[in-house]
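> need coordinates for the following:
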Amino acid sequence: VENTQHMIHTFDHAISLMEAPNEKWIWISDFTGFGMKHLNPSTSIAASSLFSTYYPERLGTFLFLGAPKIFSTLYHSITPLLDPVTRSKLTFVPKGTDDQMRQMFSEYFDEELSEWLIKEVKQNADKAKRKEKKYSSAAIKGSKSFSSVEDVPCAQEDAVVSGHNFHGTSSFLKHLQKQPLNWQQSFYHIPPSSSAPDIQVQVIAEE
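Predicted coordinates for the structure are as follows:
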């Protein structure tokens, strides 16, 4: 249930942030730490159902990053449930070196986002770094109200691990600052107030 809530929350707000002509997203699944305990197909089936029922034609590409051999068992169990168009959007890519990932990401993203993704992948592979990343349940499920935009997760000091803000690139976070109140109220469920227009967010972003 929590995984489904997270997907719905993420999908809805990805759409709310899209600007024409962008109408599709690229989903990257980093398989760091994937093992036998993750072979239950329920999450994959739930995602497939969400895509086809509520978000048709939104998926542009799904990148399976560094998927291990044992994933093939799960993959072959769910692919018969997918329509041919969706299956054609699934792409397996290796992690490789920074340069190899940089070349691969450059096919889909600009330089800033490619570099951010490389840092994110490397931190995900570092168990100590992963433990430093503290994701708010509200950011995951959209289930909590914050009293002000100053309390939102991406503006906190612990949003940055070794100079890397894991909530997004510098330009993305700065884009949110242009109209911080409206976006943060929507994304983090901040209740409106008469003093809200004067509240500003100081986003802690990587240089």
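
> ok, which stretches of the chain are helices?
Ranges of helices in the chain, per DSSP state H, are 2-17, 42-54, 71-78, 84-87, 98-105, 111-124, 127-132, 137-141, 170-177, 180-188.

> mean pLDDT lowest for which of those helices?
With a mean of 46, helix 137-141 has the lowest mean pLDDT of the helices of the chain.

> any idea how far the closest residue to T169 other than its chain neighbours is from K89?
Leaving aside its sequence neighbours, T169 sits nearest to W116 (C-beta to C-beta, 6 or more residues apart in numbering; 4.6 Å). For every residue, glycine as well, the C-beta is placed using N, CA and C. Using C-beta to C-beta, to the nearest Å, W116 is found at 23 Å from K89.

> then D12?
D12 is 20 Å from K89, by C-beta to C-beta.

> for L173, grab the count of nearby residues.
20 (other C-beta atoms under 10 Å).

> just say which of the helices of the chain is most tucked in.
Each of these was assessed for mean neighbour count using mean count of other C-beta atoms under 10 Å. The highest is helix 180-188, with a mean of 19.

> from S114, how far out is Q5?
For Q5 relative to S114 (C-beta to C-beta), the value is 29 Å.

> doesn't F166 make contact with A159?
Yes. Using C-beta atoms under 8 Å, A159 makes contact with F166 at a distance of 6.7 Å.

> and for these two, which residues touch both?
Counting by C-beta atoms under 8 Å, 6 or more residues apart in numbering, A159 and F166 have no shared contacts at all.

> distance of K133 relative to F105?
Taking C-beta to C-beta, one finds K133 at 20 Å from F105.

> I'd like the helices of the chain as TSV, with distance to T61 appended.
As requested, the helices of the chain are arranged in TSV below (distance: least, C-beta to C-beta, whole Å):
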stretch	distance to T61
helix 2-17	14
helix 42-54	13
helix 71-78	16
helix 84-87	11
helix 98-105	12
helix 111-124	14
helix 127-132	25
helix 137-141	23
helix 170-177	19
helix 180-188	24
